[in-house]
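J.: give me coordinates for this.
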Amino acid sequence: MMMRSKLERHCRHLVIVGRSVAVENVDGSLRIKAECHDYIRDISIPFEKTTVIQPVLGSGDPSLRDQLSGYRHPLPPRVDFVPIPDDFTKQDGFLRSVQRVARQLNTIRTHLRVADAALINTPSYRGFGALVWARIHGVPFVAHCAARLHRRSYDPLEQKGVRALATWIKELGQKVFELSALAFAPARTVDGPDLLATFGHLPGITKHSPPIVSFDSERVRQLRAKREEPPRSSPTILHVGALVPRKNIDTIIAAVAELRASHAGARLVLVGTSASSHKEELEELARGLLPAPGACEFTGYVGDPDEKHQRFAGADLLVCASYAEGFPRVIYEALAADIPVVATDLPGYRENMPDGAMELLEAGKDPVALAASMRRALTPPRVKEMQLRGGARARAMMSQSSPALALALLAAQGVPVDVGPAPCTAAGTSNSGRAGCRA
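T.: Model (predicted):
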């Protein structure tokens, strides 16, 4: 499908098909994450109008734009939000979830038909469907892939016979569907070298995208320099992220309880919230394992950048024990601020940092092993090693501009946006599908 020519449009309307992680349901209100807010603000500058089709957790709210645009600093009036319900839920069942996705795709198609350019986030069935509609309607677009559609979280040795065969067929089908959908994109940005290796052979352009962050690492480093050094027996362990089962926070709580055998004053700070009952379960677990006053703090959602900087400045160690993740922005934030990190050995973590930049361990529910990794990471030689190996790399990557890369890839397709010179090719890829509205 050839892209529409400039005679057919003016290339002034951008449509962004967002990801559900961009909006969090917090105490009954909807807020956009700071990094996504800044990304939308920056990417929309060259366009007269930007429409953000944004999945939300829970039912859509007509006042969504008012709530989002007032967060941190106002978005320009030319940015509009179209909220749609999030994808599949266990409560709805399969058939109702399919109907919901069909309605989502119809909404996306309606907006893409009048768009001059698009940015489409994956992985989701909603995002993959949007890739197809954008190509059918001849809209220049960039697809962003943050993770694989399926991330294995089970032990294949535990499955045998028909169940193992069914799982293998399901995974194969997902991989074929994912590759086929992303092949529709004339340009792709991906999170991390692992995804670059996976999708770099597809037609078009594939580029590794810088992390989208809204974080002043220099400010945190200044705050840490002024901070009174705590006793080595009283470290503050920080976790930043949604309180959901895949983050494995129950194991972190148990590990900090184990850590207190050698670091009696160790305390855990959990920054994040959850729309489910999982938070209540974690709070009950913490009351049992970390009963001492101040040993475990649930801060809730922290949206104010100054408060976020203060939380990082007060941490001695960041811990991420997830079973599956996409691109570890919080890892970059911590390392850029010279905060040591303990993380599970996942591709999203391992592939983006040099050896020795973090303390890595196998994913699983082993609080003793996690506590041992924490002890190693808290020793002065290991702290210094992580700061030397990880700090400079994280700060360098955070200084790059994700919006600038996306705009350059749109410009390579003929969208008349003034982004200045930027590389738009990747090794091992072709440049097919780059016809567009010519400037």
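J.: any chance you could map the strands in the stretch 301-439 of the chain?
T.: In the stretch 301-439 of the chain, the strands defined using DSSP state E, counting those that start in this stretch lie at 317-320, 341-344, 359-361.
J.: mean confidence score for the last one?
T.: Model confidence over strand 359-361 averages 89 on the pLDDT scale.
J.: of the strands of the stretch 301-439 of the chain, which is nearest residue 169?
T.: strand 341-344 (27.7 Å; C-beta to C-beta). From N, CA and C alone the C-beta is placed, and that goes for glycine too.
J.: remind me what the closest one packs against, helices and strands.
T.: Judged by 3 or more C-beta pairs under 8 Å, 6 or more residues apart in numbering; DSSP states H and E, strand 341-344 is in contact with strand 317-320, helix 329-336, strand 359-361, helix 367-378.
J.: list of residues touching that strand?
T.: 248, 317-323, 328, 331, 334-335, 349, 357-363, 370, 373-374, 377, 386, 390 (C-beta atoms under 8 Å, 6 or more residues apart in numbering).
J.: please parse the protein into its domains.
T.: Using automatic domain parsing, the domain ranges for the chain come out as 6-210+400-412, 217-398.
J.: let me have those domains in a markdown table, adding mean neighbour count as columns.
T.: A markdown table is the format used below for the domains of the chain (neighbours: other C-beta atoms under 10 Å):
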| stretch | mean neighbour count |
| --- | --- |
| domain 6-210+400-412 | 18 |
| domain 217-398 | 18 |
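J.: can you give me phi and psi for residue 114?
T.: Per-residue torsions, residue 114: phi -110, psi 10 (degrees, to the nearest 10).
J.: low-scoring stretches of the stretch 1-150 of the chain, by residue?
T.: 1-11, 19-35, 56-75, 85-93, 149-150 (pLDDT under 70).
J.: what about the strands in it?
T.: Using DSSP E, counting those that start in this stretch, strands in the stretch 1-150 of the chain cover 13-17, 23-26, 29-32, 49-56, 79-85, 117-122, 141-145.
J.: now for those, which one comes closest to residue 104?
T.: strand 79-85 (5.0 Å).
J.: now do that closest one: which elements does it pack against?
T.: Identification of packing neighbours for strand 79-85 by 3+ C-beta pairs under 8 Å, 6+ apart yields strand 49-56, helix 64-69, helix 94-112.
J.: try it again at 6 Å.
T.: With contacts defined as 3 or more C-beta pairs under 6 Å, 6 or more residues apart in numbering; DSSP states H and E, strand 79-85 has these neighbours: strand 49-56, helix 64-69.
J.: and that strand, which strands flank it?
T.: strand 49-56 (parallel) (DSSP bridges).
J.: which residues sit against the partner strand?
T.: 13-18, 20, 23, 30, 44, 78-84, 86, 108, 111 (C-beta atoms under 6 Å, 6 or more residues apart in numbering).
J.: test my guess that residue 256 contacts residue 268.
T.: Yes. When contacts are counted by C-beta atoms under 6 Å, residue 256 is listed as touching residue 268 (4.5 Å).
J.: need the residues touching each of these two.
T.: With C-beta under 6 Å, 6+ apart, residue 256 and residue 268 have common neighbours residue 237.
J.: can you list the weak-confidence ranges in the stretch 301-439 of the chain?
T.: Using pLDDT under 70, the stretch 301-439 of the chain drops low at 303, 326-328, 347-348, 350-352, 399-400, 418-439.
J.: again, only using 80
T.: Counting by pLDDT under 80, the low-confidence segments of the stretch 301-439 of the chain come to 301, 303-305, 324-329, 346-354, 363, 396-402, 417-439.
J.: could you pull out the helices for it?
T.: Assigned by DSSP state H, counting those that start in this stretch, the stretch 301-439 of the chain shows helices spanning 305-313, 329-336, 347-350, 367-378, 380-386, 392-398, 402-412.
J.: pLDDT wise, what is residue 184 at?
T.: Residue 184 is given a pLDDT of 85.
J.: isn't it up against residue 131?
T.: Yes. At 4.7 Å, residue 184 and residue 131 qualify as touching, with contact defined as C-beta under 6 Å.
J.: need the overlap of contacts for the two.
T.: Here residue 184 and residue 131 share no contacting residue, scored by C-beta under 6 Å, 6+ apart.
J.: hang on, the earlier thing: nearest to residue 201, out of the strands of the stretch 1-150 of the chain?
T.: Closest among these, using C-beta to C-beta: strand 141-145, at 13.7 Å.
J.: what sits up against the closest one?
T.: 118-122, 131, 134, 185, 187-190, 195, 406, 409.
J.: give me that answer again for 7 Å
T.: 117-123, 131, 134, 182, 185, 187-191, 195, 199, 209, 406, 409-410 (C-beta atoms under 7 Å, 6 or more residues apart in numbering).
J.: what angle sits between it and helix 94-112?
T.: Here the directions of strand 141-145 and helix 94-112 differ by 140 degrees (axes from the mean of the first three to the mean of the last three C-alpha atoms, to 10 degrees).
J.: strand 141-145: how far from the chain's middle?
T.: Distance, stretch centre to chain centre, for strand 141-145: 14 Å (C-alpha atoms, centre = their mean, to the nearest Å).
J.: next secondary structure after it?
T.: The C-terminal neighbour of strand 141-145 among helices and strands, as given by DSSP states H and E, is helix 161-182.
J.: what about dumping the CA coordinates of that following helix to PDB?
T.: Extracted C-alpha coordinates of helix 161-182, given in PDB (Å, rounded to 0.1, in the frame of the first residue of the first chain):
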ATOM      1  CA  GLY A 161       2.200 -34.400  27.100                       C
ATOM      2  CA  VAL A 162      -0.800 -32.600  25.600                       C
ATOM      3  CA  ARG A 163      -0.400 -29.600  27.800                       C
ATOM      4  CA  ALA A 164       3.200 -29.000  26.700                       C
ATOM      5  CA  LEU A 165       2.200 -29.400  23.000                       C
ATOM      6  CA  ALA A 166      -0.700 -27.000  23.400                       C
ATOM      7  CA  THR A 167       1.600 -24.400  25.100                       C
ATOM      8  CA  TRP A 168       4.200 -24.800  22.300                       C
ATOM      9  CA  ILE A 169       1.600 -24.300  19.600                       C
ATOM     10  CA  LYS A 170       0.200 -21.200  21.400                       C
ATOM     11  CA  GLU A 171       3.700 -19.700  21.600                       C
ATOM     12  CA  LEU A 172       4.500 -20.500  18.000                       C
ATOM     13  CA  GLY A 173       1.200 -18.900  16.900                       C
ATOM     14  CA  GLN A 174       2.000 -15.800  18.900                       C
ATOM     15  CA  LYS A 175       5.500 -15.500  17.500                       C
ATOM     16  CA  VAL A 176       4.200 -15.800  13.900                       C
ATOM     17  CA  PHE A 177       1.400 -13.300  14.500                       C
ATOM     18  CA  GLU A 178       3.800 -10.800  16.100                       C
ATOM     19  CA  LEU A 179       6.400 -11.000  13.300                       C
ATOM     20  CA  SER A 180       3.700 -10.800  10.700                       C
ATOM     21  CA  ALA A 181       2.100  -7.700  12.200                       C
ATOM     22  CA  LEU A 182       5.400  -5.900  12.800                       C
END
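J.: all set now, cheers.
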